[in-house]
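**Q** Return atomic coordinates for the entry below.
(2 chains)
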Amino acid sequence: MLRSLKWRFFLYAAIVIFAVLLLIPSLTSELPSWYGKVIPTEKIHLGLDLQGGMHLILEVEAEKAVESYMERFKNNLREDLRDRGIPVGQLDREKDRIVLESSGDRGKLDRLLAERYGMMRVKELPSSQGGGGWRIELVLDSKQEEQIRKNAVDQALETIRNRVDQFGVSEPEITLQGTDRILIQLPGIKDPQRAINLIGQTALLEFKLVDEEGNLDEALKGVVPPGDIILYQRSVDPKTGAVKKVPYLLKERTMMTGEVLKDARVQIDTQFNEPYVALEFDDIGAKLFEQITGANVKKRLAIILDNNVYSAPVIQERIAGGRAQITGRFTVEEAKDLAIVLRAGALPAPVKIIEQRSVGPSLGQDSIEKGLWSTAASALLVVLFMIFYYRLAGAVADIALILNVVLTLAALALFRATLTLPGIAGLVLSIGMAVDANILIHERIKEELRWGKTIRAAVDQGYHRAFVTIIDSNVTTLLAGVILYQFGTGPVRGFAVTLCIGIMANIFTAVYITRWVFDYLTLKVKVKQLSI
Amino acid sequence: MELIRPDTRFDFIGKKKYALGISTAVILISLGSLFFHGGLKYGVDFAGGILIQTKFSKAVEISDIRSALESSGLKDAVVQRFGGESEFLIRVEKSTGDLESLSKSIQTMLQERFKDKAVEIRRTEVVGPKVGKELKKKALWAVGLSFAAILIYVAFRFHQFAYGLGGIVALFHDVIVTYGAISIFGLEYSLSLLAVILTIIGFSINDTIVIFDRVRENLKKLRKEEIETVFNVSINETLGRTILTTGTVMMVVLILFFFGGPVIHDFATALVVGLITGTYSTIYVASPVVLLWHHRVTEKRKKIR
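**A** The predicted structure is shown next:
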């Protein structure tokens, strides 16, 4: 028994020392260089509610990616139909479906579809014209559609990661949630609105030709020439805040997109001292740009970002070398952000913000201070009460309580878990259960003493009996905690994590460590009276 | 030190008829309040909408903020003082439209209106209605499943379904009463109050198990006694522990209540109620359910014989 007392001491001491070593990096940043080689130097991560920052959940509108895929398919199909001499009566896209009506050779169409568009499913529709006409609906094969959606979400995740990296946030967290949601946590960010603009922007850069022959006034009245669209140049007067909208009649066909960009940088126009974004294309883009500009000299080429015309300069000559620029009345900050999103690339589909929470750093500080003070005050009161009521045994229980908190926090650091306000609630609950465990043991020992047992037997029986109760109540709560973790979301999880860890620490500290102290007192010191 | 003398024998179980009356009344009041208020007052977390917490450098009249919001077309915005003279919560419950840009426009509007008072936007929350609904659903699932797990574990450990059932009925009692209190005090049901409910579930089941455990032990010792007596003895024997534990935790919660600041205040209020009902329900809900079940089953068995 004595021998085991020694071994137990070394084992428990080792665990406690390890936990303290794990905690040190969270308390001070001045660590000797050898420290990281021996001990993991992960710090306890504070949740955004405690340290300030932004939490964002985006939903990728993946159906839009499917729609734009169908739009491209429609345009290709139109060309193929023309090449094969199949007359087109009607060819329209309705969201993710394409309706084709024709009176041409059906056999030719079926061959075309089989050859080039195996991923399309054909459904017959009743023809509106009689005779040899037919009308079909084309939809994407469900597997193919699934793939497009998945790609869109994956690519959006990657793009947003790039943007945040270039924006420069320390320790951002960007993860996929479910199938089409992206969770973004940006600790310590000072201007949430700017970050939202940067992350949420689709940033689809397009180059389209201005329709020089078309009549803009007629088009604005509703008579848009086929194959044309109207887009606007919006400019906000920085002083009055008034929005000016200038319409442009453009050819719908996109000549080039931002996909061929190699780089985008902010430059300052020396003449007007205004920032602009200088674009550099990759090899393919440079060639394409040279071709487009060469074939359309004296015409205007509109530079469009997310359906907003930025400028539409006249092409003076063929432009080789693959360079262009986006001007506008930018502030330096706006130009910087624009360059970031262009470099990181466009989102494959628009994203919608479905949840946004941001906490200013000062509020986070306030919550920590208030929370810490009241927690510290109540902890002190509990500690004093235990000593007042249980004397020496109370002091032993207090050691267990303090170790419980140390172990729980160390485990949080080790597992890189995040401490949030609900997490503190979980911690308080587990401390409450730790107090209860100690009370259960002490009350039981007192009972056993009252029944006339020797000190040694009373301690043995007290622990033995109380252990059953402690295990039952802790396991039940642990079970609930695990389920909450599995099925809960963010804050509920934060609660569950600290609760579960706290309970496990509780069984160790309240039962095993205090037991060692009592064993030491009764076996080694051989106390004649137990101060309990 | 002894808080409760060892020979204490309060007749807890004998008073169970009165307790039944109290429990029924409290539950009816709780449900009545919930019904009368049309359910819980869901916060932005669950209902969807916008929450903005602002702090001004000087004191601002609440009516000034209200009228500023009204003049920009937000009549249904709720403004509330939040600690101090110069700190406010603005809430807009809305489930349609572009909430993100609405939140942005409120912030710009405030910054322009109160230029001389240096507005600080301390916290913003924008929750889409879909997210709120999902959150509600997930929370319900999590709580429901943990109830089921508790039922199974307790029934298994105590070799009798009745004990699991007693524990769960007590939990339902506590959850209903706490929700009733949330409704009566007009607290806003948010994620932090959900955390309170979870905490209360933890404490309540813990308390129940401690007494059931003693009953299990005493059933072996006091074979000849009526089961009512066994429960009474068990409750009395663990009374010291019950008072000490509940008292200690209550002390902590009261400190949070008075000094924890506005964020924790609602949290602590609900916790006080939950703690009381959690302790009460062990003696007067969980135990009577087990007794009732016990009599039903034994009487049935007698009849069969």
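**Q** what about A:Asp366, how many residues close to it?
**A** Neighbour count for A:Asp366, taken as other C-beta atoms under 10 Å in any protein chain shown: 19. All C-beta spots, glycine's among them, are computed from the backbone N, C-alpha and C.
**Q** does the residue of chain A most remote from its centre count as helix, strand or coil?
**A** Distance from the C-alpha centroid of chain A, by C-alpha atoms, centre = their mean, peaks at A:Gly452 (62.2 Å). Counting by DSSP: H, G, I helix; E, B strand; the rest coil, the backbone at A:Gly452 sits in coil.
**Q** Distance check, it against A:Ser531.
**A** Going from A:Gly452 to A:Ser531 by C-beta to C-beta, to the nearest Å gives 19 Å.
**Q** Same question for B:Phe212.
**A** B:Phe212 sits 31 Å away from A:Ser531, going by C-beta to C-beta.
**Q** Tell me which of these two has more neighbours.
**A** In terms of neighbours (other C-beta under 10 Å), B:Phe212 is the more surrounded of B:Phe212 and A:Ser531; the figures are 28 against 12.
**Q** Phi first, then psi, for that one.
**A** Main-chain dihedrals, B:Phe212, degrees, to the nearest 10: phi -60, psi -40.
**Q** I'd assumed B:Ala286 was in contact with it.
**A** Yes - using C-beta atoms under 8 Å, B:Phe212 is in contact with B:Ala286, at 7.4 Å.
**Q** Mark out where each domain of chain B begins and ends.
**A** B:13-42+B:131-304, B:49-127 (automatic domain parsing).
**Q** rank those by mean pLDDT and give me the bottom one.
**A** Mean pLDDT is lowest for domain B:49-127 out of these, coming in at a mean of 84.
**Q** Can it be said to contact chain A?
**A** Yes - against chain A, domain B:49-127 shows contacts by C-beta under 8 Å from any C-beta of the partner chain at B:53, B:55, B:100, B:103-104, B:107, B:120-127.
**Q** among those residues, which are in helices?
**A** B:Glu100, B:Ser103, B:Lys104, B:Gln107 (DSSP state H).
**Q** ranking the residues you listed by neighbours, who comes first?
**A** With neighbours defined as other C-beta under 10 Å, the most crowded of those is B:Ser103; it has 25 neighbours.
**Q** Distance-wise, check it relative to A:Gln177.
**A** Here the distance between B:Ser103 and A:Gln177 works out to 22 Å (C-beta to C-beta).
**Q** One more: A:Ala156?
**A** 12 Å.
**Q** which residues of the stretch 51-200 of chain A fall in helices?
**A** In the stretch 51-200 of chain A, the segments counted as helices under DSSP state H, counting those that start in this stretch are A:62-83, A:106-116, A:142-167, A:192-200.
**Q** actually the stretch 201-305 of chain B, sorry about that
**A** Using DSSP H, counting those that start in this stretch, the helices assigned to the stretch 201-305 of chain B run over residues B:227-237, B:239-259, B:262-281, B:287-304.
**Q** follow-up on the earlier one: now list whatever residues contact both of B:Phe212 and B:Ala286.
**A** Counting by C-beta atoms under 8 Å, 6 or more residues apart in numbering or on different chains, the contacts common to B:Phe212 and B:Ala286 are B:Gly166, B:Gly167.
**Q** any idea which of the helices of the stretch 201-305 of chain B is most buried?
**A** Neighbour counts (mean count of other C-beta atoms under 10 Å in any protein chain shown) averaged over each of the helices of the stretch 201-305 of chain B peak at helix B:262-281, with a mean of 22.
**Q** what helices or strands is it leaning on?
**A** Judged by 3 or more C-beta pairs under 8 Å, 6 or more residues apart in numbering or on different chains; DSSP states H and E, helix B:262-281 is in contact with helix A:361-414, helix B:161-184, helix B:191-221, helix B:239-259.
**Q** Could you dump those into JSON lines with distance to A:Glu30 added?
**A** Listed next are those as JSON lines, based on distance: least, C-beta to C-beta, whole Å:
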{"stretch": "helix A:361-414", "distance to A:Glu30": "17"}
{"stretch": "helix B:161-184", "distance to A:Glu30": "46"}
{"stretch": "helix B:191-221", "distance to A:Glu30": "35"}
{"stretch": "helix B:239-259", "distance to A:Glu30": "32"}
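**Q** Among the ones you listed, which comes closest to B:Glu228?
**A** B:Glu228 sits nearest to helix B:191-221 of all these, at 11.0 Å, using C-beta to C-beta.
**Q** Check which residues of that closest one are buried.
**A** B:191-218 (16 or more other C-beta atoms under 10 Å in any protein chain shown).
**Q** before we move on, what about stretch A:366-378?
**A** Quick answer for stretch A:366-378 (16+ other C-beta under 10 Å): A:Asp366, A:Ser367, A:Ile368, A:Lys370, A:Gly371, A:Ser374, A:Thr375, A:Ala377, A:Ser378.
**Q** Using TSV, please lay out those residues together with distance to chain B and pLDDT.
**A** What follows is the buried residues of stretch A:366-378, written out as TSV (distance: C-beta to the nearest C-beta, whole Å; pLDDT from 0 to 100):
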residue	distance to chain B	pLDDT
A:Asp366	7	74
A:Ser367	6	69
A:Ile368	11	71
A:Lys370	4	75
A:Gly371	7	71
A:Ser374	4	78
A:Thr375	8	76
A:Ala377	6	84
A:Ser378	4	83
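**Q** Make TSV out of the residues you listed and add distance to A:Ala14.
**A** What follows is the buried residues of stretch A:366-378, written out as TSV (distance: C-beta to C-beta, whole Å):
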residue	distance to A:Ala14
A:Asp366	39
A:Ser367	35
A:Ile368	32
A:Lys370	36
A:Gly371	32
A:Ser374	34
A:Thr375	28
A:Ala377	33
A:Ser378	31
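**Q** Out of those, flag the one nearest to A:Lys108.
**A** Nearest member of the buried residues of stretch A:366-378 to A:Lys108, counting by C-beta to C-beta, is A:Ser367, at 70.3 Å.
**Q** how near is the closest residue to chain B within the stretch 101-250 of chain A to B:Phe56?
**A** The minimum distance from the stretch 101-250 of chain A to chain B, using C-beta to the nearest C-beta, falls at A:Gln193 (6.1 Å). As judged by C-beta to C-beta, A:Gln193 and B:Phe56 stand 19 Å apart.
**Q** of the two, who's got more company?
**A** A side-by-side neighbour count of A:Gln193 and B:Phe56, using other C-beta under 10 Å, places B:Phe56 first with 20 against 16.
**Q** what's the closest of the helices of the stretch 51-200 of chain A to A:Ala324?
**A** Judged by C-beta to C-beta, the one of the helices of the stretch 51-200 of chain A that comes nearest to A:Ala324 is helix A:142-167, at 20.5 Å.
**Q** Go through that closest one and flag the buried ones.
**A** Quick answer for helix A:142-167 (16+ other C-beta under 10 Å): A:145, A:148-149, A:152-153, A:155-157, A:159-164, A:166-167.
**Q** Which one of these is nearest to A:Phe73?
**A** Using C-beta to C-beta, the buried residues of helix A:142-167 come closest to A:Phe73 at A:Ile148, 11.0 Å.
**Q** Once you drop chain neighbours, what's closest to B:Val233?
**A** Nearest residue to B:Val233, sequence neighbours excluded (C-beta to C-beta, 6 or more residues apart in numbering or on different chains): B:Asn218, at 5.8 Å.
**Q** For the nearest residue to B:Trp293 once chain neighbours are set aside, grab the count of nearby residues.
**A** Closest residue to B:Trp293 apart from its sequence neighbours, by C-beta to C-beta, 6+ apart: B:Ala162 at 3.8 Å. Using other C-beta under 10 Å, B:Ala162 has 21 neighbouring residues.
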